[in-house]
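Q: Kindly return the folded structure for what I paste below:
(one chain, ligands or ions: 1)
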Amino acid sequence: MVEQPPVTIVSSFLYPNSVSKKGVPVNRRNFIKTSLAATVTAAGSGIIGHTLLFTSPANAQSNGGKKMKILVLTGSPRENGNSSILASNFIRGAEEAGHQVVRFDAASSDVHPCIACNSCGMDGPCVFQDDFEMVREHIIPADLVAFATPMYYFGISTQLKAVIDRFYAINGKIHVPKKAVLLMTYANNSRRDESPILTHYEVLLEYLGWTDAGRIVAPGVWPVGAINSTPFPEQAYQLGKQV
Ligand SMILES: Cc1cc2nc3c(=O)[nH]c(=O)nc-3n(C[C@H](O)[C@H](O)[C@H](O)COP(=O)(O)O)c2cc1C
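A: Here you go, the predicted model:
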C-alpha cells in the first residue's frame with residue numbers, strides 16, 4: 001500500500017436546487033418513485049454506440065506542457081446522459097490542451113464481470129476475450145484515467161464497476177503512478193449520499209498509487225441533459241484543460 005495522495009476538489013458540493021423535470025423537488029424518497037418513468041424515457045432514446053476514439057492536437061498547455069495519454073471510462077447507459085456530458089466536456093478541454101484521449105463507454109461495450117477464477121493470477125491473460133482488451137491496451141500506458149459515472153443506489157454504476165473489477169488481471173501493471181479524475185452525477189442533494197463513491201475513489205487511488213487530479217460531483221441532476229443548466233459541464237471542460 002502507498003501513502004494516500006493529496007486530494008484536489010475542483011467543484012464539489014455546489015448544491016443547485018434539485019428540481020425534477022416536472023418542477024418537483026427531487027429527494028431520496030422520490031428518486032426511486034420517479035426512476036421507472038425516467039428509465040422508460042432513457043430506453044426510448046437509444047443506446048450509446050461503440051467505444052469512441054478521440055485524437056487530439058499537439059501543444060499541451062497543462063501538466064507542465066507534457067502531453068498525456070488519457071483514458072476516460074464512462075459508466076452510464078444513457079446516451080448524452082449527464083455523466084456522459086461531463087465526460088465529453090472534460091475530453092474537449094483535455095484535447096484542447098493537447099492531450100491524447102481515448103474514451104471507453106462501458107455500457108455499450110462487452111465486458112464480462114470478473115468471475116474470480118484467478119486464472120490471471122492478478123497479472124496475466126483473462127479467460128474472457130472481450131472489450132476489456134481495449135481497456136487493457138490503453139490503461140497501461142495512460143498517464144491519467146478519468147472515471148465518469150452516475151450514482152446508482154449510492155455506488156458507481158454496474159457497468160463501470162465491471163470494468164474496474166477486471167483491473168484484477170492487470171493489477172501488477174497498473175500499480176504505477178498515474179493521475180485520476182472523477183466525474184459523478186446524481187439526482188439527490190446530499191453529501192452523505194456522495195460519500196460511498198468518493199471513498200471508493202479515494203481508496204482505489206490509494207491502493208493503485210494514483211493521484212487525484214480533480215473531481216466534478218454534480219448533485220440534483222436526474223433527467224438526461226439536466227446537467228446542461230448547471231455550471232458543471234463548463235467545470236469539467238476547465239478540469240480537462242488544467243489536468
Ligand atoms: C438504477 C438507478 C439508480 C440510481 N440511484 C441513485 C441514487 O442512489 N441516488 C441518486 O441521487 N440518484 C440515483 N439515480 C439517478 C442518477 O444518478 C441520475 O439521474 C444521474 O444524473 C444519471 O446520470 P446519467 O445521465 O449519466 O446516466 C439512479 C438512477 C438509476 C437509473
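Q: And the residue nearest the centre of the chain, how far from the ligand?
A: With distances taken as C-alpha atoms, centre = their mean, the residue of the chain nearest its centroid is Ala148 (1.6 Å). Using C-beta to the nearest ligand atom, to the nearest Å, Ala148 is found at 8 Å from the ligand. C-betas here are computed from N, CA, C, even on glycine.
Q: Surely that residue is in contact with Ser76, unless I've mixed up the numbering?
A: Yes. The pair Ala148 and Ser76 qualifies as a contact (C-beta atoms under 8 Å) at a distance of 7.5 Å.
Q: shared neighbours, the two?
A: By C-beta atoms under 8 Å, 6 or more residues apart in numbering, Ala148 and Ser76 have these common neighbours: 83-84.
Q: A strand includes the residue nearest to the centre of the chain, no?
A: Yes. Assessed with DSSP: H, G, I helix; E, B strand; the rest coil, Ala148 lies in a strand.
Q: ok, it - contacts?
A: Going by C-beta under 8 Å, 6+ apart, Ala148 touches 72-76, 83-84, 86-87, 90, 160, 183-184.
Q: how many neighbours does whatever residue of the chain ends up closest to the ligand have?
A: Relative to the ligand, the nearest point of the chain is Gly81 (2.6 Å; C-beta to the nearest ligand atom). The burial metric for Gly81, expressed as a neighbour count using other C-beta atoms under 10 Å, is 26.
Q: Could you pull up phi and psi at it?
A: Dihedral pair for Gly81: phi -70, psi 180, per degrees, to the nearest 10.
Q: near the ligand, which residues of this protein show up?
A: Within the chain, the positions lying close to the ligand (C-beta under 6 Å from any ligand atom) are 31, 35, 39, 76, 78, 81-84, 150-154, 185-188, 193, 221-222, 224.
Q: Buried among those? Need that as a selection in PyMOL.
A: Remark: buried members of the residues of the chain next to the ligand, expressed as a PyMOL selection using 16 or more other C-beta atoms under 10 Å:
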select buried, resi 31+76+78+81+82+83+84+150+151+152+185+186+187+188+193+221+222+224
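Q: going on from the lowest-mean-pLDDT helix or strand in the chain, what's the next piece of helix or strand?
A: Comparing helices and strands within the chain by mean pLDDT, DSSP states H and E singles out helix 28-44 as the least confident, with a mean of 33. In the C-terminal direction, the helix or strand that comes right after helix 28-44 (DSSP states H and E) is strand 69-74.
Q: State the mean pLDDT of that following strand.
A: Across strand 69-74, pLDDT averages out at 98.
Q: list the helices and strands it packs on?
A: The helices and strands touching strand 69-74, judged by 3 or more C-beta pairs under 8 Å, 6 or more residues apart in numbering; DSSP states H and E, are helix 82-96, strand 100-105, helix 132-139, strand 144-150, helix 158-165.
Q: Sweet, I'm off.
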